[in-house]
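My questions are about this predicted structure, shown below with the sequence.
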There are 2 protein chains.
Amino acid sequence: MGFREDVKKIKALTDENRLAIMLALQHGEKCGCDLLEELNITQPTLSHHMKILADSGLVDYYKEGKWMHYSISADGVREFRDMIGSYARCDCETDESVSCGCREKK
Amino acid sequence: MGFREDVKKIKALTDENRLAIMLALQHGEKCGCDLLEELNITQPTLSHHMKILADSGLVDYYKEGKWMHYSISADGVREFRDMIGSYARCDCETDESVSCGCREKK
DNA sequence: TTGATACATTGAAATGTATCTATGTTTATG
DNA sequence: CATAAACATAGATACATTTCAATGTATCAA
């Protein structure tokens, strides 16, 4: 199973600064220097965190002149929540349409 | 904000073995020895992982004789998904009823 | 009581992560 | 061209995490 890939994505949200960044982007795109003002960290540290968020697919970005513009990826967060839901769920709330099928007849 | 607590909970799912455990428990409770057979790890390592999952609230447990019985916490996974949803989401899918209110008039 | 089973705890080694300073790269401006 | 601004990269340090062997604890059965 692709646990390794999923672990890597989930790790994108296991840092206080990265959670703050996700909230900061929730109402629209921002550039790195905007984020730097809100987050008591240095520029290389922000750069490090943005790379992790972008790699996870949660955050989109594009370069315009010297500025990097960051924003939440609508597809990224939807897929992320679906992935989380495949682990953080129990049988009692299982919908047959998304059953894993492991108990079905052969 | 309670980023530290949330990071701690999310970290519960940032390990391949713990993801495997969540899937293994998805159709009902199991004891530690059942899990040990499915997961190529030693008993102390399983004990370590079960403590982390239990502390996060994702997994419930009770002791019966020498056995520990583990199961998914229905409340735990629902709250976990809600918490994830508060970070992994974008403005374009914001429902006013759960708006953070940061742009409202004073 | 003795032995076996299920699980927890301790301590150590290996690996991974977050952060900073220093420096490099790219782009715009005077 | 020289300078400054925005960002990336490299290297170092401190800290956290995963894992196992060794050992401890609790429970049951003979």
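Alright, I've got the coordinates. Numbers count the residues shown, from 1 in each chain, chains lettered A, B, ... in the order given.

And stretch A:7-18, what's buried?
Buried positions in stretch A:7-18, judged by neighbour count with 16 or more other C-beta atoms under 10 Å in any protein chain shown: A:7, A:9-15, A:17-18. Yep, even glycine has a C-beta here, placed from its N, CA and C like the rest.

export those to JSON lines and tack on distance to DNA strand C?
As requested, these are exported to JSON lines (distance: C-beta to the nearest atom of the strand, whole Å):
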{"residue": "A:Val7", "distance to DNA strand C": "8"}
{"residue": "A:Lys9", "distance to DNA strand C": "11"}
{"residue": "A:Ile10", "distance to DNA strand C": "10"}
{"residue": "A:Lys11", "distance to DNA strand C": "5"}
{"residue": "A:Ala12", "distance to DNA strand C": "9"}
{"residue": "A:Leu13", "distance to DNA strand C": "9"}
{"residue": "A:Thr14", "distance to DNA strand C": "6"}
{"residue": "A:Asp15", "distance to DNA strand C": "4"}
{"residue": "A:Asn17", "distance to DNA strand C": "5"}
{"residue": "A:Arg18", "distance to DNA strand C": "7"}
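
Narrow those residues to those in helices?
A:7, A:9-11, A:17-18 (DSSP state H).

Point to the residue nearest the middle of chain A.
A:Leu58 (3.4 Å; C-alpha atoms, centre = their mean).

Excluding covalently adjacent residues, which one is nearest to that residue?
Of all residues not flanking A:Leu58 in the chain, A:Gly76 sits nearest, at 4.7 Å (C-beta to C-beta, 6 or more residues apart in numbering or on different chains).

and if you look at A:Leu13?
B:Ile10 is the one closest to A:Leu13 (C-beta to C-beta, 6+ apart), at 5.1 Å.

Now do the helices in chain A.
A:3-11, A:16-24, A:32-38, A:43-56, A:74-87.

can you give me how far the shortest one is from the chain middle?
Centroid displacement of helix A:32-38 relative to its chain, using C-alpha atoms, centre = their mean, to the nearest Å, is 19 Å.
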